[in-house]
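**Q** Predicted model and sequence below, questions to follow.
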Amino acid sequence: MNTSNIHVFAKWQVKEGQTEKVLALLKTAAEESRKEKGNLFYRVHQSIAEPDTIILFEGYTDEAALNEHRSSTHFQGIVIGQIVPLLEKREVILTTPLD
């Protein structure tokens, strides 16, 4: 198993008219995610040019911490259960920082 830190870049294209609802749900998901033992940071960004585009920048201590995050109640219930249905498109890129 990889023991390096893992950074996640998630780009969400929100369905028209749903951005405020997604941001409200994401506030709770972010707060809960930041409490996780293996979470290094969880930052939410909104595109200036395309306000319906949300970028998440997350950091985890290792692959196990990321897996724990993905199986958490708040991730499954809020992100998968409530937010994903409000998205047009969802792209997730996993990286290992080089510096």
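**A** The structure has been received and is ready for your questions.
**Q** mind listing the strands for the chain?
**A** Under the criterion DSSP state E, the chain contains strands at 6-14, 39-46, 53-60, 87-95.
**Q** which stretch among these comes nearest N67?
**A** Within the strands of the chain, the stretch nearest N67 is strand 53-60; the backing value is 8.9 Å (CB to CB). For glycine as for every other residue, the C-beta is placed from the backbone atoms N, C-alpha and C.
**Q** tell me the angle of the closest one relative to strand 87-95?
**A** If you take axes from the mean of the first three to the mean of the last three CA atoms, to 10 degrees, strand 53-60 sits at 30 degrees to strand 87-95.
**Q** Show me what strand 53-60 pairs with in its sheet, parallel or antiparallel.
**A** strand 6-14 (antiparallel), strand 39-46 (antiparallel) (DSSP bridges).
**Q** Of those strands, flag the one that's most buried.
**A** strand 6-14 (a mean of 18; mean count of other CB atoms under 10 Å).
**Q** And the contacts of that one?
**A** 22, 52-60, 62-63, 65-66, 83, 86-97 (CB atoms under 8 Å, 6 or more residues apart in numbering).
**Q** most residues in a single helix of this structure, which one?
**A** Across the chain, the longest stretch assigned as helix under DSSP state H is helix 19-34.
**Q** Tell me the spacing between T96 and D62.
**A** With distances taken as CB to CB, to the nearest Å, T96 is found 10 Å from D62.
**Q** Neighbour count for those two, which is higher?
**A** D62 (15 against 10; other CB atoms under 10 Å).
**Q** Give me the neighbour count for L86.
**A** 15.
**Q** Now for it: which residues touch it?
**A** L86 neighbours (CB under 8 Å, 6+ apart): 14-15, 18, 21-22.
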